[in-house]
Every structure is written in C-alpha cells, then in structure tokens.
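In: mind folding the following:
(2 chains)
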Amino acid sequence: MSKIKGNKFGQRVRPLIIISLIFLLICGVAYPLLITGVSQIFVPYQANGELVHYHGSTVGSHLIAQNFTQPEFFHDAVGSTSGVDPDITLQQAYAQVPRISRSTGIPTDSLIALVNANVNPISKFFGDPYVNVLALNLALIKAYPSVYAFVE
Amino acid sequence: MDLIEISWVLLIIGATAAVAWLIAPYITKIYTHESSRIDRIFDPIENLIYRTIGVDKNRGMGWKEYFLTGLSVNLIMMAIAFSIFLFQGVLPLNPQHFSGLNWNLALNNVISFMTNTDLQHYAGESTLSYLSQTAAVQFLMFSAPATGISMAVAMIRGFRVGAKDLGNFYLDFTRTIIRLLLPLSILVSLVLVVLGVPQSISGYAVVRTIEGVTQQIAIGPIASLTSITQLGSNGGGYFGANFAYPFQNPSPVSDILELSLMLLLPTALIFVFGRLLGKKGESKPVFIAAYSMLGINLLIGFLQKVNLGPGIETRIGGFFSTFWTVISTSTNTGSLNASLYAMSPSAVLSSFMSMFIQSTPGAVGTGLIYMIMYVILTVFIVGLMAGRTPEYLGIKITARDVGLIMLAFIIHPIIILIPTILAYTTGAAAQIGIGANAIGFTKIFYEFSSAAANNGSDFFGILANTPFFNIATAIVMFVGRYAPMCILLALSGSILGRKREAMSGLRTDSLVFAVVLVGSIIILVLLVFLPFLALGPILAFFEGRMNFFG
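Out: The predicted structure is shown next:
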C-alpha cells in the first residue's frame, strides 16, 4: 500500500523537478553563456567594460570614475549614488579650470576650450550637458605632453 | 515640469504602449495555441521539453492543480537557488572567491527573486559569484514572471465562454519563456551590450590608473541580467546601486530603453486580456484605468522638482531619475536609477500609491490579476448602488465571489502594517538607526509595502541585512505573492463553467465604467492607507523636505 503511494508521489514530483532543472539550464546557464559568446565576438570593447588603454597599459574604464586627486587633473564629483559616476557637468568642469591653470600654467581659455570640445555629444539632447572625467584628463595629457610628463 | 519634459514623458509612454499593442496578437497566440508560422522553430524545442518532463500536452488543469503545480515548481526552484547561494564559495565560476551567504540572507534572496520582488539586502558586486548571478538570479528572473503571466492567463481562462479548464501550467510556463521572455531578452541583451553594458565571465579587471592607484573594475554577465530584470518586472540589480551604476545603465539612451522595457509587457498583457476573452473591448476600461492611474502617479511624482545632486547620477539627471522611479513602482519592477534618498516626498508618495494599488499597470501578470479583481469589485459596488444583480461578462457575481475578493484585498494591508509596527516595537528599526519620525517611518513603511507588493525598491539595501528584516520581509513577500494568487485563481475556478446570462447589466467596456473603476480603486486604497501615508511621506512633504537624506 505504502509502496504504491510512494510511486504516485514520485510520479507527481518528478515533472516538477525536471522542469526546474530544464529551465535552470536554459535560463541560468545557456542563455548568459550565449550572450557572453556573441558579445565577446562582435562587441568585445563594450562587453569588457569599455576599458581605456594608455601607452600600452589599461588605465581604467570610460564608465567608471577613478577619483582623481592631483591638482593638475579634473576631479570626479563626489557623493553621487553609484560612487563611480564617471561624468561631471559643464559647470563642475569650469569650476576646476582656475585650479588646474594655477598648477599647470595652462591658460584658462585653452582649458575651457578643451572642456567644450569634450562634451558628450548625446548629452546635449537629454538635459544638462556633461563631460567624461577620464576622457577629459586623457585629452589634457595628449594636448600638453610636456606639462604631464610626470605621468608614466 | 517644462514642455520638453512633458514631451519626453508622452513620447516614451506613447511609443511603448504602441509597441505593446503591436505584440499583443503574438502573445495571445502563445496561450490560445493558435498555429503560427513561428511554430516551426519553437514546436520542436517545446515538444522535447514536454517529453522530458513527461507531461500530456492535451490535459487541462482545474484551479487547485494549476496553482499547486505552479507553487511546487516555484518551491523547487527556490531550493535550487538557495543551495547555489549557500554553497557558492565551493562552486565553480567564482573568480573573486566570494564565500557562501548566511542562511537568512540566502532565504531572503530566493524568496525575493522567486516572488518577482527583488528586494536586495546585499550588494551583488561584492557578494555574489558569477554562478549565483546567473544560475540563481537570472534563472529565477525568468521563472518568476513566467509564473506570474501563467497564473494571470489561467485566471482569464476561467472567464472565457465555454472554457473547460484553466489550462496546463507546464505548457503555459514553458511557452512563456521559450516564445516570449527568452527571445526578447536575447534581443535586448545584445542591444544593451552595444550601448555599453558589459557581458563577460572572465573576472573583475584590475587596472593601474593614470595617478598610479590600483582600481578594481567589476565586470560580469551584466547585460543578460539587466534585460530580463526590466522586461520581467523583476528590478534586481547586478550591482548594489542598481541602475545608477554605469555598467547597468551607461547613457541617457540606455536609460530610456530600460525605462520603456518596464512598461512593455504589463501593457501588452492588458491588450492580451481582451483577446483571450474573445472580447477585445474589455481591454479598453482596463487600459484606460491603468494608464489614468499611471498619469496620476506621474502628476504626484513630479509635484516637487528633483535636482542633480547627491544620489543622482550626472548622465541621468533629476528629471529622468524621477520619471524612472514613478514608472518602476507603477509597474512594480522596483529598479532604481537614483537613490531613493534623493527622491522628493511627492515622488515617494507616488511610489506608495503604486505599491498599494498594484495595477497601474502593475507587474507583468499580477498587475492584471489585481485589475480583474478590482473590475469585479467595482461591478459589485455599482450593482449595489443601482439595485440590480451584479454581473461581469454575463456572469452573475455571487456573495462568495466578493468574499474571496475582499479576502485577497485585505491581506495586503495586514502584511504591511503588522511588520511595520513590529519593526518599531521589537527594536529592529532602532537597531539599524531608524527613528520614529516622518523620514524614519517612511523608510520602514516603504520596506514592507515594497515587499508586500513584490516591488523590490527600498531605502535600506545592505543596511537591512539583519535576521529581523531578512526573515520578516521574506514572509511578507511570500504571502504577498502566493496568497492573493491562490484566492483569485480559486475565484476563477468557481466562475469556470458558470452559466452565462444574456448581457443585461452594466456595460463594462465603456468609458463610464473605466472612470468608476478608477474612482473606486483610489477610494478603497486611500480608506485603508491614508492614515499611514499621513505619518510618512505626506508629513515629510508638509515639513518642507525635499529628499530623505538624514
């Protein structure tokens, strides 16, 4: 009697377990691997976090702030949600121009022009325009190699 | 709001609703089993799955079997994910060597993801291995909305003329994932990667910055999680900062896409509802009601302006952060692209309204289940006022039906208010530094409203990783998900096969009915919750607060 009941219980539980395992494999394993494979082949730059290379070494990601502290560089805005907000508004960039000019000797007009040239082009359509801090600092280094010779 | 902002709101919502309307016929066929050209691709896959499970394709289920099958499958899935969370330390795909989760956090997690809540008392990037983020989290992020949609479709079948059963859970669940969630998620994931959302399993990048500092960059299978979290009303984040983290939401373009995805399937299901009934007109009052309440939520939400500042990401800004918060709670997705602390009391009040109503349009599946509940309740109230027998679609609504609905309705305030009070009386609130004032009360009240509505947004995050909050919210999420589902499926089961009268009652496919529907929903919800709202966000509003910091 109990054996028959046991079999019935098995018959009821088996499909529940199998459907769970099937979708564990499809949604939890195959699907993320498929997206990973396709992304790594066709858009490896984005798939790997938009890493930035400088002089042959990786120096960060365009999407992740890196908390610049030296006075010669533009600094990130602190206190935002993610803690890694990579952008600052134009006003926040302009406000730092006098400091950078004092510590590097680069004229303020040139720094302002550099900020304007690096405004994220799509940001103009969605509210306050902003600049990417890492991109801006790399543009600084490129424009004034002798001033930033201390960077390896 | 200025004119440009109003245009953004109308454009994004209008475009999403239009796409939802376009895909509704396709989604309908998933559940009517009407043949379509796409069968050639999907039929062999599904037949293989049915054969492996050992399920008879032609056998329908009554409400009890349908619900119990769904619940049991969910319990087994929770057990699988629970084991992965608990033992991730010794399982593969753990390049950062994270240790296993403690049992009460693991329990909270599995119930949270399986109930489509996605309340997260942890930060994924410093807690979960790649295996946990995929085989546990992404697995449940498909299974939860597939369960919700299946239950909603089963409920609707009970109202169909000539229906003999509520369908077969195995078939509905399988077809929802294979024909809807999986193809859409693959498409959206790939678009998101192009827009800058990473997708990799080769470990976090470690770099030396220009200033010579070592920086760790958390890269992982992020795009595949981000798509289904938005499409399936999940809302859980790969990162603790959710969609404020640039890797989940790299630009204003990704922000708008991800925001739209939250509305897509809940809206499409409203159109599917009428088609499944065989009466397309019945979608009309439901759509009008859901979207006018969404409109009210937006009006309340935008009452106070949120500016760029602490808690708001530069690339997103105050307007798009507020817009996201309203849409995210209106669809009970619960994802956030800004900190809730940075939101205004009016935006938080709007979120509360969504979490109480749960049908504005609500989460995929459950939003519709609740809306049908409100429709029948309104039919009953109007019937009482007009002094005639209440009927819906020619079905006489009995006292027992209304009794079941009142039971489903009353569960929600009970599971919100009791634990809110317990959090204060047991000292659990004080333990995490929350005081008994307008700001503190709002946060505790929000935690349990979010858990009960299976929303998932919250103020606390990792702060609430205490045994009290882990266990209390786990119970609330579980009851908030399955109890109303069970009751309303029972209602549908009792309506199944009931005699249809010639339509003589109130016309439910009219604009007038939609207006009465919205009125009765708002009055019912305010009657229950207004005193508590007054102690929280409304008081904060009149105190002149602009956010919830401090």
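In: any residues of the stretch 301-450 of chain B in contact with chain A? List them.
Out: Applying Cβ under 8 Å from any Cβ of the partner chain, one finds that the stretch 301-450 of chain B approaches chain A through B:308-315, B:317, B:319-320, B:338-339, B:342. C-betas here are computed from N, CA, C, even on glycine.
In: wouldn't A:His55 be in contact with A:Glu152 here?
Out: Yes - the criterion here is Cβ atoms under 8 Å, and A:His55 meets it with A:Glu152 at 7.4 Å.
In: show me where chain A has strands.
Out: Assigned by DSSP state E, the strands in chain A fall at A:51-54, A:57-61, A:87-89, A:130-132.
In: what comes up buried for the second one?
Out: Using 16 or more other Cβ atoms under 10 Å in any protein chain shown as the burial criterion, the residues of strand A:57-61 that qualify are A:58-61.
In: filter these down to the ones close to chain B.
Out: Among the buried residues of strand A:57-61, proximity to chain B is found for A:58-61 (Cβ under 8 Å from any Cβ).
In: returning to that earlier point: of the buried residues of strand A:57-61, which is the nearest to B:Glu125?
Out: A:Ser61 (13.5 Å; Cβ to Cβ).
In: list the contacts of the closest one.
Out: Listed by Cβ atoms under 8 Å, 6 or more residues apart in numbering or on different chains, the contact partners of A:Ser61 are A:49-52, A:86, A:134, B:205, B:207, B:217.
In: can we see that at 7 Å?
Out: A:49-52, B:217 (Cβ atoms under 7 Å, 6 or more residues apart in numbering or on different chains).
In: name the member of the residues you listed with the most neighbours.
Out: A:Gly49 (29 neighbours; other Cβ atoms under 10 Å in any protein chain shown).
In: per-residue confidence for B:Tyr370?
Out: pLDDT, B:Tyr370: 98.
In: would you say it is within a strand?
Out: No - counting by DSSP: H, G, I helix; E, B strand; the rest coil, B:Tyr370 is located in no strand; its state is helix.
In: just give me the neighbour total for it.
Out: B:Tyr370: 26 neighbours (other Cβ under 10 Å).
In: the one 5 residues further on now?
Out: Residue neighbour count, defined by other Cβ under 10 Å, stands at 23 for B:Val375.
In: OK, contacts around it?
Out: So B:Val375 contacts B:392, B:508, B:517 (Cβ under 7 Å, 6+ apart).
In: show me the contacts for the closest residue to the first one other than its chain neighbours.
Out: If I follow you right, that is B:Tyr392. Take B:Tyr392 and drop its neighbours on the chain: the residue closest to it by Cβ to Cβ, 6 or more residues apart in numbering or on different chains is B:Val379, 4.8 Å away. By Cβ under 7 Å, 6+ apart, B:Val379 lies in contact with B:390, B:392, B:397, B:506, B:508.
In: returning to that earlier point: put together CSV for the buried residues of strand A:57-61, with pLDDT on each row.
Out: Formatted as CSV, the buried residues of strand A:57-61 follow (pLDDT from 0 to 100):
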residue, pLDDT
A:Thr58, 95
A:Val59, 96
A:Gly60, 97
A:Ser61, 97
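In: enumerate every residue touching the residue of the stretch 101-250 of chain B found nearest chain A.
Out: Closest to chain A within the stretch 101-250 of chain B is B:Phe139: 3.2 Å, counting by Cβ to the nearest Cβ. For B:Phe139, the residues meeting the contact criterion (Cβ under 7 Å, 6+ apart) are A:23-24, A:27-28, B:81.
In: returning to that earlier point: between the ones next to chain B among the buried residues of strand A:57-61, which is nearest B:Leu261?
Out: So of these, ranked by how close each gets to B:Leu261 (Cβ to Cβ), first place is A:Ser61, at 24.3 Å.
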